[in-house]
Structure formats: C-alpha cells, structure tokens
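In: I need the structure of the sequence given here:
(chains A, B, C and D)
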There are 4 protein chains.
Amino acid sequence: MRFISKVQSLLAFPRNKFQKCQQALSSTMSQKSLDISGIYPPLSTPYNKDESIAFDKLEHNLQKWNQIPFKGYVVQGSNAEWCFQSWEERVQVVREVAKLAAPGKLILAGSGCESTRETIRMGKEMAEAGAHALLVVNPFYFKDGMTSDALVAHFTAVADQSFVPIVIYNVPRNTGMNIPVDAIVRMAQHPNIIGIKDSGGDITRIASIVFATSSFDFQVLAGSAGFLLAAYNVGCVGGICALANVIGEEVCKLADLAQSGDSKAARDLQLRLVGPNSCVTSRFGVPGLKTAMEWFGYYGGPTRSPLQPLSDTNIQAMKAEFQKSQFL
Amino acid sequence: MRFISKVQSLLAFPRNKFQKCQQALSSTMSQKSLDISGIYPPLSTPYNKDESIAFDKLEHNLQKWNQIPFKGYVVQGSNAEWCFQSWEERVQVVREVAKLAAPGKLILAGSGCESTRETIRMGKEMAEAGAHALLVVNPFYFKDGMTSDALVAHFTAVADQSFVPIVIYNVPRNTGMNIPVDAIVRMAQHPNIIGIKDSGGDITRIASIVFATSSFDFQVLAGSAGFLLAAYNVGCVGGICALANVIGEEVCKLADLAQSGDSKAARDLQLRLVGPNSCVTSRFGVPGLKTAMEWFGYYGGPTRSPLQPLSDTNIQAMKAEFQKSQFL
Amino acid sequence: MRFISKVQSLLAFPRNKFQKCQQALSSTMSQKSLDISGIYPPLSTPYNKDESIAFDKLEHNLQKWNQIPFKGYVVQGSNAEWCFQSWEERVQVVREVAKLAAPGKLILAGSGCESTRETIRMGKEMAEAGAHALLVVNPFYFKDGMTSDALVAHFTAVADQSFVPIVIYNVPRNTGMNIPVDAIVRMAQHPNIIGIKDSGGDITRIASIVFATSSFDFQVLAGSAGFLLAAYNVGCVGGICALANVIGEEVCKLADLAQSGDSKAARDLQLRLVGPNSCVTSRFGVPGLKTAMEWFGYYGGPTRSPLQPLSDTNIQAMKAEFQKSQFL
Amino acid sequence: MRFISKVQSLLAFPRNKFQKCQQALSSTMSQKSLDISGIYPPLSTPYNKDESIAFDKLEHNLQKWNQIPFKGYVVQGSNAEWCFQSWEERVQVVREVAKLAAPGKLILAGSGCESTRETIRMGKEMAEAGAHALLVVNPFYFKDGMTSDALVAHFTAVADQSFVPIVIYNVPRNTGMNIPVDAIVRMAQHPNIIGIKDSGGDITRIASIVFATSSFDFQVLAGSAGFLLAAYNVGCVGGICALANVIGEEVCKLADLAQSGDSKAARDLQLRLVGPNSCVTSRFGVPGLKTAMEWFGYYGGPTRSPLQPLSDTNIQAMKAEFQKSQFL
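Out: Next comes the predicted model:
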C-alpha cells in the first residue's frame, strides 16, 4: 500500500527523468531501478566575491565536467557547502545543474536535513528540480539520540515519501558519528533505498556492508578517491570523489583500471592520487579543493564564511603534493 | 567606525527591548551593558502529535515558568530542537516567548547557523522578534576548518552586525568540537560579545576562561545543572540548565545557595540534582526532558522526528533517578 | 571466608604500618580504616643524566616536601614515569620514599599492572616496601575488553589479596578510557576499596560518584589542582595534584580555603592555579613538571626517554603562565 | 660509525639466525636484508586454568600451524596478551616458538616497552632468544608527549641498538593513538627499520605510507585480515592477522589470490573473511579468538585476567558469523 501510493506519486510527476525508475517500478515492485555505478564529482558551488552564487561560473565548470566520463553529478554534497546555503539556494543549484548537465548524466542531490519532515520536503523540491536520486546525510545534531532505530525510522520515512530513490550518506568527519552497519543492513531492504556513499574510509566496514547487503540489490559507493581502488576491490560500484572536481579524468581512469584487472597500473595511479586527494579533503578542505580547481582551468573562487582562504604556506604545501604525484 | 555604524543601526531600530543596551552604548562605547547573570531554562519546544508547534502548550508552560525566579529564557537552544525547525519557525517561537514572558525576563535567542551570513540574518530577525541577546553556537559542519582564526572572524562579523549582544555557545556534545580557549579570549574583547555558555562540563576549562577573561567584562554561564555549583565556585555568574525546564525552583535554589556561602546545603542539593540532570541531558536527551516535564505539570509532548520517544525501560530508569534524589 | 584469609594474611605480615588497618579489620569487618583526606603530590622520579634514578635528589626533594602540610605522598603515579621503570625500580622507589617521608605521612603507591596477577604481586611488594595503600590504575591495553564486569572482577581480586587498602585510579588522558561509574559504585562496596582518584576533570561525573557512593564510606580524591576547588565543593576529601610537586604550599592552602568557607579567597587562588597547573599536566606533561620544579628549588632533571625535554619556546610559555598567576 | 658498531655487535652474536641479515649488512650497508612479505599469525599464548603458560599446548598448536604456508610467526603481539606477562615470560615464549617453528619460518617478536631503555633491553633478549626481527609498538602511556620527534628518537635509538631489524607496530585500538605518517617516513630511512605493521585499517593512510616510503625499501604489512585484500592492492606485502590463528589456510589463500590477479575470487574470499575476522578482533577480542581456535582443533584456553571469557550469547553470535561465511 505504502508502495502503491509511491508509484501513484510517481505517475503524478511524469517526467522523463524518472523513466528508468518508473519502468522498474512497473515491472517488479521489489526490483531497484537505478544503476548508480560510476564516478561522480560532488560539485563545489562557485561563489562570487560577495559570496553570492556565481551561476555563470557553475556553467563554465559544467561545460568542462561534461567532457569527462562521469556517471553523473552529486549536487549539494558536503563539498558544495550546502550547509551555508538557504533553503532556496539548495534547490536552485540542483535545478541549474540538472539543466546544464550533459544528457544522460545522473543527478544525485544532497537533501539531508536534521528533521525527518524537512528532509522529506527538501527531497520533493529537489526531485522536482531534476534530481534522479537523493543523497541523504543522516541527522547528527543529537548524536546520542541517533540510535539504529531512530535512523531506520528516519530513512524509512524519507524513502517512503520520496519520488526518487534514496542513497544513504555516511560522512563521519562532518557528522561526528557513523551510521551503524546493522542500521544500514535494515535500510538496504527498503525498495526505495538503493545504496550508500560511505566517506569514512574504513575499508573493513565498507566490505562488511557490501557482504551483508549483497542479497539486497544495494549499491555501495566510495566517498573519496583516497580509497577508491580498495573500495572497488571489495565490491563497491563507484565513487563520489571530491578530487574528481579537479582531475576528474584521472579518477575515472582509476575506476576503469580498478575494474580492468590491471592491478599494477591501478595501484600506481591510486598511490599517486592519495596525496592530492588528502589535500582537497582532510588536509585543506573546501578551500583546498577550490584552490586546486583553479590550477586545472576550473573556477574555484572563495568559500562562504566562516571557511577561510588557504594561507600561502598551505597553498605551497598542496602544490608540492600535486607535483610529487606529477599532476602539476 | 565599525562600532559607530552599529550604533546607528541600533538607532534605526528603536525599541524598548534595547533600552538598556542603547543606554550603555551611548554612555561608554567599551562598556558592556547587559547583565546576564542568573538561571535560565533553555525552553523545550512543545509539539502536537502531528509535530506542529503547540503554541497553546507553550503558553501553558510559560505561565508556570513565569512564577519561578528565572533571570530569563533561552529560546531556540539545543533543547528547543531548533535544528528541526524551519527558518520561520525558529523566529516565530522567539516572538511568542517574548510576548508571553513575564516582564523583566531576559530573552536569549539561539541564532547560530553554519554560515556567517545566515547567522547574521537570523540574529536580526530574532532581535526584531524580541530577543535581548543572541546565543550563537559555533559552526561545526566543517570541524577541521573551524580554526581559532575562522571562529574569531565568524563571531566578530556576527557581533559587528548585531543590534543586540552576543553570547557564545559551546556545546561539544552536539557540535563534536570545542571552541579553543584562545579564540574565546580574543572574542571576549569585542564590545558586543558579552559572555559564553559552556556546556562541556570541563570545569578546568571553564575556570581558565573565567581567569583569562576576568579583565574584559565577560560573563560565563554554565551550560548544565550538573556542574552548576562548581561553575559558580570558579566565577560563573549563572547557568542555562535543561533541568530548569522541569524543576526550575530547585535549580534557582542551588544558584542561591552557591552564592550564599552555605556550602553544605549547596553541596547536598547539587548532589541530588546530578542524577536527574543526567537523565534529561546526556542519558535520555530531549525525549527524557519532555517526559520528565510531564511529571511536574508541564506539557512535554513528543519530539520531532527523527528523535524517538523513550522506551518504558528508560522511563522507569529515569523515574528511579528522580525518586532517588527525592524529587518524585 | 575470603575476608578471613585476608586478615590472616595481615597477621602474617605484622608491621607497624598496618596497625590502623588491622585495628579496623579486627573491630568491624565492614568499617574502612584509612582516612585518606588531604593533599598529596604524585612524586616525580628524579633521574640522573644517564636516566638512572637519582636517589640523592629524591632525598633532597623530600626534605623540602616534608615541610609542607601534605597528607602524604603518592609514589609511582603517572608523573613518576612508573611506566618507564623496571619492576624492581618501581618497588625500590616506594621503599626509599617510605624511608624518607616525615613521620605520619601516608604512602600511596601506584601498583597497577595490566594483568590481575601482576597487580596483586606488585601490590604485595609495595606494601612490604612501606605503602599504606595502593593506587591502582585500571588495565587499559584491551580497552574493549575492560567492561564493568571485567573491571569489577579485577579490582575485587586485587582488593581481596591486598594487605593494605586499595584506591582506584581513573586517568583517561593516559589510559584512553573511563572506568564506568556503575563499576565504581559496585567496587565501592568492597571493604578493602576505600576510594578513588579521578583525574578526568569531569566534575559532573565526580559528583555522581560522590552521590552514588555516599553511603559506602568511600573517599573521592581529585586528580588535579585544576578542579580541586570544584571537587571539594561536591564532596571530594582531597586531591592528588601534580602541581603540588612544584608549589605544594599553595595547593594545600587552596584545600584549606575550600573547606573554610571563604569562597572568594578560594576562588581567587583556584583561578590563579589553573594556568600553571595546565602547564605541568596537559600542556607540557612530565617534562613541564620537572622544568617548573627547578624554578622552586627542587631537583627536576631529565625524564626518561622517549619523553623529550621542553623546547625553549615552551619553557618561555610556561614561565609566562606562572608569572601571570604571580607565582614567579 | 653508528652503523659499524652495530655490525660489530652482530659479529659478537654470531648465530645462524642472523645469517641473512649479516650477509646483507656485509654486502651493502644501506640495503635492507630481510624480506618480511607474507602472512603471519600473531600467535595467541595458551594458558592453563591457573593462568600459567601452557607450553605443551603451544607445541600442539605450532605443529598445526607449521603445516600452513605462513611466512613466519609473530610472537608477543597484542593477541599474545604480552601485556599480561612478566619480563621473563615474554622472552621465554619467544624462545619456545623459535625452537618449535618449522625451519625457515621467520620469527617476529613484540619487544615494545614504554621506555626506550627497556625496549632496547627486551629486544636484545628476544633476539638472543631467536627473533629474526622485532615488532615494536610505540610507547603510548604519555600520548601527548609522543610527538613525531619523540617517536623518531625512540625508534631510532631502538633500531641503532638492535642486532636484528625493526618493524614498527601501529595499533591505535590498543594504544589510543596513531603514529603520524611524517614520523613513519622519517623512520623508514633508517637502515635497520624495515617495515611497519599497521592495524588501524585506514586504507588511505596505508596507501600514503606505501607511496611516501616507496623509494626507501620499506615493507608495509596489514595488521588484520579485515582489510588484507585492500592492503595488497595498494602495495602492502603481507599481513599479520589474528584470524590466521584460526583459519590460517584461508588467510594465506586470500594473500595468494590478492597477488594472482583473480580479483573476483579474491573479493569473494575477502568478503567472507570480514565477519569472522571482526569477531576475533574488534568485537570479541582475545577471548573471541581463543574460543574460535577451539572450533578448528587448536588449543584456545582461557585468557589471563582481567580479560573475561565470552558469554554464551556472544559465543552463539560468533558461531553464526562463522556459519554465515561457511567456515563452520
């Protein structure tokens, strides 16, 4: 019943975007429809000097990104600084990216809010704005209250109410917590929860998620290029990698090598990517990411406050890292 | 200059609420105006079963709270589940409380957002809605980027732009980080940053903040009744205590005893408060708080999702704790 | 039965040291005998340049410490660098201090080892060497295995087998874990476990221990001068304070003020102590402690490797802190 | 010069054990001699019911282990409960294993102590007892003092004084800290530090160590079967895996598959190993490991106190995990 009403909802929002999804739903209820395997950059949001969104620069960047064999784009992930944007801005950027993306690119939109009700509402708006799936970070302000039961209830309600499939987003560096594996296994059985992006980098945990959900048609994506090869090797089907904003071709190439069986070439490229990847994630964060984007012809620009620009010392340290790996 | 424009802004918003503040500003620029010493409950937000805000229940609760010698009310602190509310709701609750509060009660409103720009904007709306001061939690999504420099820049910008004074809010249990003491000392010198609420419970840290800011006219408030006596004894001037939602008279009495010199009576009461306090904070969170409120004639009601109601086992455990301390 | 064999053991080791303990045991089984209230320095161990123990320097220091109204001495606490000493050295230092201590000073010896069997054996040797009580840090190498049940079993076995009373030692900074409060409450009921030194500084936790054990004749000692006043105010009976190695008179004075009711003077002194205390503990550790000791006429000397001497920058920072508090 | 004296020391201890090492040293000074690639079980220490070491059971187990294509044995790693043993026992077990090991098996002995001087002394005794290399856990009691400089000084002194090569041992679950990567890179250049066992499971960190030390002839070993495949794929040369005590053939097979290029078979086996591996490490620790050993014909026996035996519930949970992976 719950599910029928969801299909009806889908029919009430007939858009090409949902074609694949609808087909799947109409054929087999329990079959998950959307293949999310592949590489995605979690798009950084370009700002002007006054911190307003620079939509022209977004277009410039997307023209370049559209040339790269990405499976699609993650919009409003952590690197988009979604947390610094108003409700309207969050949706608006999704709409713009959906418009500017090359045909066939999948749009995964970060719709997570602290409350279940707002997460549902944001998801609806983002789906209407063109998202093919929602990347939903878990609530984390009340960490102690986010038990497995609370998380399962939250994600179930969100998935029940969503016109498009849900991808769970686990990012302990930002949330200060890990979604328990037992909760993930329970969620993976929901017909509208199709995967997880895990950014924690604990490969044992990732392998245990893959193993425990292997019978559920649940897709696991690596949350960083730092452990992308390892993730593929334990059964992940892709990655959402900040570094792909900067050197997307290389990240896609690693994904190809990881699946090709050329383990020597895969290893060599993975090892070269680790240093630059750390720079644009754990070491220097979004300011680092935006600085590095400039080196490769993208518009990086400032972050919103309170994030601070990189110091010259840090810029030099980051440059050295890219040079050591021969990307500069 | 920066400050002059702020005074001008104040003049542009002439309201009774700001009288004390304006007087202070007009007399001595560097003098801080607002005495925030005393006890505050961080008001819980009452919800109906459908999770809409129950303003009638808020009025019911405030009629009872108004009888207690609180210095004022914290609106939209963590216990208000502010993170589950829309932008408009956050402001609306401040407006209602300002209207319903007994004359003379100070309204401290939680205006923190992740971005500097939204924190400023929220603060303006809350000040217009009746807040006498703003309780500003630090941004924490990008924990690694929240260096002392970033935090000082953020709070300085917020304080520069605010019509009403700023109280810093440090709550590591929710944010997953501590505002560094060196940053606090720098902020304490800003004429519009008048104090801090520290909920961490590290009394050595709190004492070091008191000592390091003792020449700056900076007021330190304890963030919990669990260490309220200790906090007074190292120079704090009050407390914002979840437990005051439930047994406010007792918390106010502890504050009196702490200042009276009757150390034996103060200790005895403090020790009795620790168990119940832990129940409504670290052990059972907001669901615990709301459950306990019901026992004392307040409307507790449900939390918003994803927070879950207390299990019967936990309700019994909490009841035992209140009984052990002879409050039930 | 268990207990009778312990008394027999006591009779088998008739020494003056145990007189008080024996009397207590012979009169009322459940009565705890040893009053441990008061201030103790956890003695630093003096080393020569070749890292051998400088017993002559220990004597020099003790002659000075003996002039201060300490309740006694903690030998082989964390600050003694016990973890860097051989089995024999650990015992030998206890023997020397017992010999050199002024009459009436209580000797608390740190006998904790990872295994239960070695902790028991070490305790026996230290008791024979002159310890009046044992300060037993919990095992912590296998943190996940140190459940409440495991800890209660460990401390019970140790207390059952010890000729002298046991004081539990909780020091999360070094052990990376906290002994759960429920375990402490269970241990506090053992006739030979007479107290705890808690170095964590979480005053709410300390208050909850005091409250929960108040009917058990169990004494709680603060583990640092940083929160000594707060600890007294919630019912602690003393403190084991690294800073007492350096400025013991001041720490004893704070203890007096804390109990005298002169809350203003107590607060002022406590606030002055926080900065210097942090220097010789969390900020600069044992190298900081030994450096500061030199400033006050004690022999500090080098630490054992791998601890490194303080840099000049850090020495200056520490000096500034002592000057700011007017101890230099 | 430092190095010459080390060679002289080697000559002063002429034993067959060091043959390979000596040859290497005599040919090229800077060349590291010992190939440590391959799989090792970190041997659990069998105890009798009275907690004395059961050397007969050790022999029984080794007869079985000797049939498995292990590269060698780690003696006195964390799983050996070395921390519960006396100085003499630690050495004695190394001597026994060296005697009972099949010819050609490499003996890596865990010689880490908190102090530099004792680590050196322990290493000498273990080398004389038959260790071919030393696995040296970093000191961790004074976590804050264990800066990169302190750690480099410690490991350098240990390596300078050791007759046999040093393998660094990083095990944050037990030590509560990570050896910084920059320190590892500095140590990797020492001619007598030949590798690291990293048990943390952060594959990005492991990859960055491999990459940063790739020009130094430094070998990286995975510290657990949970991420063994991932580790091989980023350039590790082997693993020291608790699970190899239990189902060593399977762990060795995974190592073969990881190197063979049969990525599908490697993945399938890796995924099956994750659950059982977690049981004998993070979930149930050494008690879990010893319980599982019994299922496969080894003597497990009790742990030393304070570790507690597994509850029946946990035994069943562990059994289910082994069954789910079809090892039982």
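
In: all contacts plus neighbour counts: C-alpha atoms, from now on.
Out: Noted.

In: show the model's pLDDT score for whatever residue of the stretch 1-150 of chain A ends up closest to chain C.
Out: Closest approach of the stretch 1-150 of chain A to chain C (CA to the nearest CA) occurs at residue A:144, with a separation of 17.3 Å. Residue A:144 carries a pLDDT value of 95.

In: so what's the residue count around it?
Out: Look at residue A:144: counted by other CA atoms under 10 Å in any protein chain shown, it has 16 neighbours.

In: what does residue A:315 give?
Out: Residues near residue A:315, counting by other CA under 10 Å: 18.

In: wasn't it part of a helix?
Out: Yes - assessed by DSSP: H, G, I helix; E, B strand; the rest coil, residue A:315 belongs to a helix.

In: what sits against it?
Out: When contacts are counted by CA atoms under 8 Å, 6 or more residues apart in numbering or on different chains, residue A:315 touches A:288, A:291.

In: if I look at the residue nearest to residue A:148 when sequence neighbours are not counted, how far off is residue A:168?
Out: Nearest residue to residue A:148, sequence neighbours excluded (CA to CA, 6 or more residues apart in numbering or on different chains): residue A:183, at 5.0 Å. Using CA to CA, to the nearest Å, we find residue A:183 at a distance of 11 Å from residue A:168.

In: of the two, which one has the most company?
Out: Using other CA under 10 Å as the criterion, residue A:183 and residue A:168 rank with residue A:168 on top: 26 against 17.

In: now do the same for the nearest residue to the more buried one once chain neighbours are set aside: helix, strand or coil?
Out: Once flanking residues are discounted, residue A:168 sits nearest to residue A:196: 4.4 Å by CA to CA, 6+ apart. Recorded secondary structure, residue A:196: strand (three-state DSSP).

In: tally of neighbours for residue A:196?
Out: Residue A:196, neighbours per other CA under 10 Å, totals 26.

In: up against chain B, what does the stretch 201-328 of chain A have?
Out: A:282, A:284-285, A:304-308 (CA under 8 Å from any CA of the partner chain).

In: show me which of the residues you listed are buried.
Out: Burial by neighbour count, judged by 16 or more other CA atoms under 10 Å in any protein chain shown, picks out A:284-285, A:304-308 from those.

In: quick one: the residue nearest to residue A:148 and residue A:146 touch, right?
Out: No - here residue A:183 does not reach residue A:146: they are 10.6 Å apart, not a contact under CA atoms under 8 Å.

In: pull the contacting residues for residue A:115.
Out: Contacts of residue A:115 (CA under 8 Å, 6+ apart): A:139, B:83-85, B:304-306.

In: let me fix that: residue A:155
Out: Applying CA under 8 Å, 6+ apart, the residues near residue A:155 are residue A:187.

In: you'd agree it is in a strand?
Out: No - under three-state DSSP, residue A:155 falls outside any strand and is assigned helix.

In: quick check: which of the buried ones among the residues of the stretch 201-328 of chain A next to chain B are also close to chain D?
Out: Applying CA under 8 Å from any CA, the subset of these adjacent to chain D is empty.

In: can you lay out those as JSON lines showing distance to residue D:38?
Out: Shown next, in JSON lines, are these (distance: CA to CA, whole Å):
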{"residue": "A:284", "distance to residue D:38": "36"}
{"residue": "A:285", "distance to residue D:38": "37"}
{"residue": "A:304", "distance to residue D:38": "50"}
{"residue": "A:305", "distance to residue D:38": "50"}
{"residue": "A:306", "distance to residue D:38": "49"}
{"residue": "A:307", "distance to residue D:38": "46"}
{"residue": "A:308", "distance to residue D:38": "46"}
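
In: strands - which of the residues you listed land there?
Out: Among those, no residue falls in strands (DSSP state E).

In: and which of those residues is nearest chain C?
Out: Nearest to chain C among these, with distances taken as CA to the nearest CA, is residue A:284, at 25.8 Å.

In: so for the closest one, what's the pLDDT?
Out: pLDDT for residue A:284: 98.

In: show me what contacts it?
Out: When contacts are counted by CA under 8 Å, 6+ apart, residue A:284 is found next to A:278, A:310, A:314, B:145.

In: how about the third one, nearest residue that isn't a chain neighbour?
Out: In other words, residue A:314. Spatial nearest neighbour of residue A:314, excluding adjacent residues (CA to CA, 6+ apart): residue A:284 at 7.8 Å.
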